[in-house]
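# give me a 3D structure for the following:
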Amino acid sequence: MTIWTELLGSQTHLLGEKYRTRVVEAGDGEPLVLLHGVGGHAEAYARNVTRLGEHYRAMAIDLLWHGFSAKPEFTHDAVGTYVDQVLDLLDSQGIERAHLEGESLGGWVALTLALEHPDRVGKLVLNTTAGIKWNPGSVDERPAEGREALRARSLAAIENPTPETIRTRLEWLMATPDRVTDELVEVRRRIYADPATNIALRTVFENSFGFGSGPNRRISEDRLATVSVPTLVLWSDHNPGSGPDVGRRIAKLIPGAAFHCVADAAHWPQWEQPDEHDRVVLGFLGGTA
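Next up, the predicted model:
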């Protein structure tokens, strides 16, 4: 299967009023917005959009400064701007409330939106989410294999977007390197080589991974008790830098949250184990998980 064949039946649009947001979507049910991680793009959900679209209006987007969405002047409240982008997308489509799934940075954005605008969120899926400010000793974080390794690979890829640097960066996401397809490498290489995107992502990366303005919007673990929307914490057994215990801790702190750990996956369970991901997410959204 290729990204092209996985996405057969989907549509790509540029939507939004305040911001131009690229959306790859399928289906016409209740809206489900899918948010990728830092440095990613809508194709992170290429293996999920059409199947999720059989039940929902599944909308995978490019965050600002990423992919083919708008590249406004960088703001040092990036997470807040991403939240504003999602709200702008919903408003432009006349959507009062949407389900959200966010992976890594996308989870941080989705969680922030759920905390600040709970009336706009149906159900929430936190997929190997980033952005939690943990109390000392609360969880076992391993930054050398997590955000520090990803930062080094991200900067190398954006400074010199070759097939080799892009592949090395993508391999960090996967439990085994063979899951990084040549097609995925070339899609991301072309995105990173685009002049406007390259400049924008350099700034994003310099303000991510605990550096620059990146930590400013982190969510203290104490705030997790105030999440008021139904939540699924979706984790993996090989998530680099923060294992299943971190996901379980998040689920324990969010009232009524469900937890699921995907086996044989790292930081991209929706790509590595798409059948299981979609089954669990659809079960949760439909009320059977």
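# stretch 62-78: end-to-end distance?
End-to-end span of stretch 62-78 (CA to CA, to the nearest Å): 14 Å.
# next, the buried residues of it.
Along stretch 62-78, these residues count as buried under the neighbour rule (16 or more other CB atoms under 10 Å): Asp62, Leu63, Leu64, Trp65, His66, Gly67, Phe68, Ser69, Ala70, Lys71, Phe74, Ala78. Using the backbone N, CA and C atoms, a C-beta is placed for each residue, glycine as well.
# for it, what is the distance to the chain centroid?
14 Å (CA atoms, centre = their mean, to the nearest Å).
# tell me the mean pLDDT for that stretch?
In this model, stretch 62-78 has an average pLDDT of 96.
# check what contacts the helix or strand hosting Gln85 and list those residues.
Gln85 is part of helix 78-92, with elements assigned from DSSP states H and E. Helix 78-92 is contacted from outside by 15-19, 21, 23, 31, 33, 35, 59, 61, 63-65, 69, 75, 95-96, 98, 100, 105, 108-109, 112-113, 116-117, 120, 131, 204, 207, 213-214, 217, using CB atoms under 8 Å, 6 or more residues apart in numbering.
# measure the closest residue to Pro269 other than its chain neighbours to Trp271 for me?
Closest residue to Pro269 apart from its sequence neighbours, by CB to CB, 6 or more residues apart in numbering: Val262 at 4.1 Å. According to CB to CB, to the nearest Å, Val262 stands 11 Å off from Trp271.
# any idea where the helices of the stretch 1-150 of the chain begin and end?
Applying DSSP state H, counting those that start in this stretch to the stretch 1-150 of the chain gives helices spanning 3-6, 49-52, 78-92, 105-116, 147-159.
# next, the residue lying closest to Glu6 once chain neighbours are set aside: phi, psi?
Leaving aside its chain neighbours, Glu6 sits nearest to Ala46 (4.8 Å; criterion: CB to CB, 6+ apart). Dihedral pair for Ala46: phi -60, psi -30, per degrees, to the nearest 10.
# tell me the contacts of Ala46?
Ile3, Glu6, Leu7, Val24, Ala60, Trp271.
# isn't the second one right up against Glu43?
No: contact status for Glu6 versus Glu43: not in contact, 9.1 Å apart, counting by CB atoms under 8 Å.
# which one's more surrounded, the two?
Glu43 (22 against 18; other CB atoms under 10 Å).
# wait, the more buried one sits on Val185?
No: with contact defined as CB under 8 Å, Glu43 does not count as touching Val185 (11.6 Å).
# could you list the low-pLDDT ranges of the stretch 151-289 of the chain?
Residues of the stretch 151-289 of the chain meeting the criterion pLDDT under 70: 288-289.
# in it, which spans are strands?
Assigned by DSSP state E, counting those that start in this stretch, the stretch 151-289 of the chain shows strands spanning 219-220, 231-236, 258-262.
# angle of the second one against helix 105-116?
Taking axes from the mean of the first three to the mean of the last three CA atoms, to 10 degrees, strand 231-236 and helix 105-116 form an angle of 160 degrees between their directions.
# what are the pairing partners of strand 231-236, and which direction each?
According to DSSP bridges, strand 231-236 forms sheet pairs with strand 121-127 (parallel), strand 258-262 (parallel).
# report the contact partners of the nearest residue to Asn239 once chain neighbours are set aside.
The spatially closest residue to Asn239, leaving aside those adjacent along the chain, is Thr128, at 5.0 Å (CB to CB, 6+ apart). Residues near Thr128 by CB under 8 Å, 6+ apart: Glu103, Ser104, Gly107, Leu234, Trp235, Ser236, Asn239, Ser242, Gly247, His267, Pro269.
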